[in-house]
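Chemist: here you go, sequence then predicted model.
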Amino acid sequence: MYFCNDGEHVVFATALRILESIPSVRKVLHLAGFADLVHFGTELGNRSPYLGIKRLRAGEMLVVGERETKTSFYWKWDDLQESSESPDRLAQTGADVVAESVSVRTGTIRSTTSMLTGGLDSRVIVTLLRERGIDVRSINFSIAGSQDQTFARQFAELSGTQHEERPSPPGTSYPDMSALLVKHLRSGDENHLKNPGRLVWHGFDGSFTLGYVHVLPQIVSLLRDNRTRDAAESYLRHKRIVWPRSTKAHYAARFGALAKEAIESGFSDSHFPDPGRRFYHFHFSQEARALMRGHFEDIDLSRIEYLTPFYDMKLIEFMHSVPIEYAFNHDFYMKVVSNYPESMLSLPWQTYPGHQPCPLPIPRELEGRTQWEKGRVGAAARFRSKLSNQRGWEILTAGEFPHEIISRLQFSFAYLVQFLLSKDYTYATKMIGLLQRHLAIAGGHLDDPI
């Protein structure tokens, strides 16, 4: 929820683009909020990319009175206590909580639609739906010939779903599922989405909630030692946040400092009994929001509602009570899913780099063919380069160039190198395109120009 209070009116909306479109809502580019969007894929704290527009945080409520407007929290994550139960006992409880998070969303339905990837998150959901005797129509949008597509197809056959594949273009390691579903609808075949409210089950995001993906032990240790600044620097290196070389030096330094400050503030905002828990909470909160931000910003346009059991309130609350050491490297995740029918783990699945490998043999022809292997196919590199060329040309020719922050000469040179040598500067064109858009909406106004 975003809101703006100008002293006379309070304007609020669930999508930022609504406030962006209202002329009476003054927009000034907020460098810190915009930097959050670039660095983390979402805003942190109560910030937005614009001064004067704020957003409500988890458990926060806004009270508008005649004389004042104030916010307060009715609930906080750091009030939760850590469990003292054994890993095996907690894993059984976790499996029950996940099952309940699916059950409460099924109601009386007898058939439904679910995304099905080659990983375990969506496989868990489909397994629990089929256990309840629900007919499942599954769909996969992975790259053709990838582990994700192949393993999804194999599990669909095993579990008895009506399965369909709509391959994504090469180079799209993380496709926009909502956009693909909308395109699927417009193709004229709505068999997969004929259900009340256009509800679609999705495995977002068991690997974060249960698997503690990218929750690094060294950062947990630094926070436990009250070395918050060092922990922020370590996380910054892990995120590999860099600005294009065409960014003017003083702004590049400013954005780097803002990223570090945002992480430090995020680590300090919560007060768990175990300081190491701050990393899981911060990482989960911002990654989950970044993953779902695009969908919820346009949910009224796509008119697709995801059913996401791994974002269930009780499950997240439960995972905040599990000792961190139990969950490193997907260990706890695997303990949880081992409580489900053996058939679920009888076929290979795709795994995250750096986490527990699948114990089943991967067919030789599928080795390395994961959605994260961006450079494995020449067509993928050519696809990204072509897309980046299009973005670069639009930046140079459409609208006002953000010359206050970006050197037009250096960006033009980088674009020429990309065009002639087929280099992949996607990260640069994406960042600068985002800056151009928000600066245009703000009428060129910056909160604190350097």
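Modeler: Received, thanks.
Chemist: the strands in the stretch 151-300 of the chain, which residues?
Modeler: Here the stretch 151-300 of the chain has its strands, by DSSP state E, counting those that start in this stretch, at 162-165, 199-201.
Chemist: deepest-packed of those strands, please.
Modeler: With neighbours taken as mean count of other CB atoms under 10 Å, the strands of the stretch 151-300 of the chain reach their highest mean count in strand 199-201, at a mean of 21. (Glycine included, C-beta is placed from N, CA and C.)
Chemist: can you get me a residue count around residue 183?
Modeler: The tally of other residues near residue 183 (other CB atoms under 10 Å) stands at 12.
Chemist: let me redo that: residue 307
Modeler: Residue 307, neighbours per other CB under 10 Å, totals 20.
Chemist: backbone torsions only: list them for it.
Modeler: phi -100, psi 110 (degrees, to the nearest 10).
Chemist: tell me how far it lies from residue 261.
Modeler: 37 Å (CB to CB, to the nearest Å).
Chemist: what's the answer for residue 275, then?
Modeler: Distance of residue 275 to residue 261, computed by CB to CB: 19 Å.
Chemist: what's the answer for residue 353, then?
Modeler: Separation of residue 353 from residue 261 (CB to CB): 29 Å.
Chemist: so which of these two has more stuff around it?
Modeler: The neighbour comparison of residue 353 against residue 261 (other CB under 10 Å) goes to residue 261, with 14 against 9.
Chemist: these two touch, right, residue 264 and residue 229?
Modeler: Yes: look at residue 264 against residue 229 with CB atoms under 8 Å: they come within range, at 6.2 Å.
Chemist: neighbour count for the two, which is higher?
Modeler: More crowded of residue 264 and residue 229, by other CB under 10 Å: residue 264, with 17 against 13.
Chemist: which one is that one nearest to, not counting chain neighbours?
Modeler: residue 232 (4.4 Å; CB to CB, 6 or more residues apart in numbering).
Chemist: how about the strands of the stretch 151-300 of the chain in TSV, adding distance to residue 445?
Modeler: Conversion of these to TSV gives the following (distance: least, CB to CB, whole Å):
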stretch	distance to residue 445
strand 162-165	47
strand 199-201	40
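Chemist: which one of the ones you listed lies nearest to residue 18?
Modeler: The closest of those to residue 18 is strand 199-201. By CB to CB, the value is 23.8 Å.
Chemist: helices or strands up against the closest one?
Modeler: strand 111-115, helix 120-131, strand 305-307 (3 or more CB pairs under 8 Å, 6 or more residues apart in numbering; DSSP states H and E).
Chemist: of all those, which gets the most neighbours per residue?
Modeler: helix 120-131 (a mean of 24).
Chemist: tell me, how many residues neighbour residue 246?
Modeler: 21.
Chemist: hang on, the earlier thing: so which of the strands of the stretch 151-300 of the chain gets nearest residue 74?
Modeler: Nearest of these (CB to CB): strand 199-201, 28.2 Å.
Chemist: sorry, back to before: and residue 280, which of the helices and strands packed on strand 199-201 is closest to it?
Modeler: helix 120-131 (17.7 Å).
Chemist: the closest one packs against which elements?
Modeler: helix 87-106, strand 111-115, strand 135-140, helix 147-159, strand 199-201, helix 206-209, helix 331-337.
Chemist: go again with 6 Å.
Modeler: helix 147-159 (3 or more CB pairs under 6 Å, 6 or more residues apart in numbering; DSSP states H and E).
Chemist: next, the angle from the helix it packs on to helix 120-131.
Modeler: 10 degrees (axes from the mean of the first three to the mean of the last three CA atoms, to 10 degrees).
Chemist: against residue 253, how distant is the residue nearest to residue 264?
Modeler: On the measure of CB to CB, residue 232 and residue 253 end up 16 Å apart.
Chemist: higher neighbour count, these two?
Modeler: Counted by other CB under 10 Å, residue 232 and residue 253 do not tie: residue 232 has more neighbours, with 24 against 13.
Chemist: name the nearest residue to residue 93, ignoring sequence neighbours.
Modeler: Nearest to residue 93 is residue 318, by CB to CB, 6+ apart, at 7.0 Å.
Chemist: my read is that that neighbour contacts residue 95, right?
Modeler: No: with contact defined as CB atoms under 6 Å, residue 318 does not reach residue 95; the gap is 10.8 Å.
Chemist: and the residue nearest to residue 93, how many neighbours?
Modeler: 21.
Chemist: next, it: phi, psi?
Modeler: Dihedral pair for residue 318: phi -60, psi -40, per degrees, to the nearest 10.
Chemist: need the pLDDT of it.
Modeler: pLDDT recorded at residue 318 is 95.
Chemist: how close does it get to residue 132?
Modeler: Taking CB to CB, one finds residue 318 at 21 Å from residue 132.
Chemist: excluding chain neighbours, what is closest to residue 309?
Modeler: Spatial nearest neighbour of residue 309, chain neighbours left out: residue 101 (3.9 Å); criterion: CB to CB, 6+ apart.
Chemist: isn't that neighbour right up against residue 315?
Modeler: Yes: with contact defined as CB under 6 Å, residue 101 counts as touching residue 315 (5.2 Å).
Chemist: which one's more surrounded, those two?
Modeler: Neighbour count, other CB under 10 Å: between residue 101 and residue 315, residue 101 has more, with 23 against 19.
Chemist: roughly how far apart are that one and residue 145?
Modeler: Residue 101 is 33 Å from residue 145, by CB to CB.
Chemist: repeat that for residue 33.
Modeler: Residue 33 is 41 Å from residue 145, by CB to CB.
Chemist: so for these two, which residue has more residues nearby?
Modeler: Taking neighbours as other CB under 10 Å, residue 33 and residue 145 compare with residue 33 leading, 24 against 14.
Chemist: list the contacts for the more buried one?
Modeler: 43, 47, 48, 49 (CB atoms under 6 Å, 6 or more residues apart in numbering).
Chemist: most widely separated two among those?
Modeler: Longest span within the contacts of residue 33, CB to CB: 47 and 49, 7.9 Å.
Chemist: grab the nearest non-local neighbour of residue 102.
Modeler: residue 128 (4.4 Å).
Chemist: wait, doesn't the one you found sit right on residue 100?
Modeler: No: at 9.8 Å, residue 128 does not count as touching residue 100 under the criterion of CB under 6 Å.
Chemist: sorry, back to before: ok, residue 47 and residue 49, which is more surrounded?
Modeler: Neighbour totals were compared for residue 47 and residue 49, and residue 49 leads with 27 against 20 (other CB under 10 Å).
Chemist: quick one, what contacts the residue nearest in space to the middle of the chain?
Modeler: With distances taken as CA atoms, centre = their mean, the chain has residue 291 as the residue nearest its mean C-alpha position (1.7 Å). By CB under 6 Å, 6+ apart, residue 291 lies in contact with residue 205.
Chemist: just the pLDDT at it, thanks.
Modeler: Model confidence at residue 291 (pLDDT) stands at 85.
Chemist: over to residue 75?
Modeler: Value for residue 75, per-residue pLDDT: 81.
Chemist: neighbours of the spatially closest residue to it that is not a sequence neighbour, just the number please.
Modeler: Closest residue in space to residue 75, ignoring its immediate chain neighbours: residue 59 at 4.0 Å, by CB to CB, 6+ apart. By the measure other CB under 10 Å, the count of residues near residue 59 is 12.
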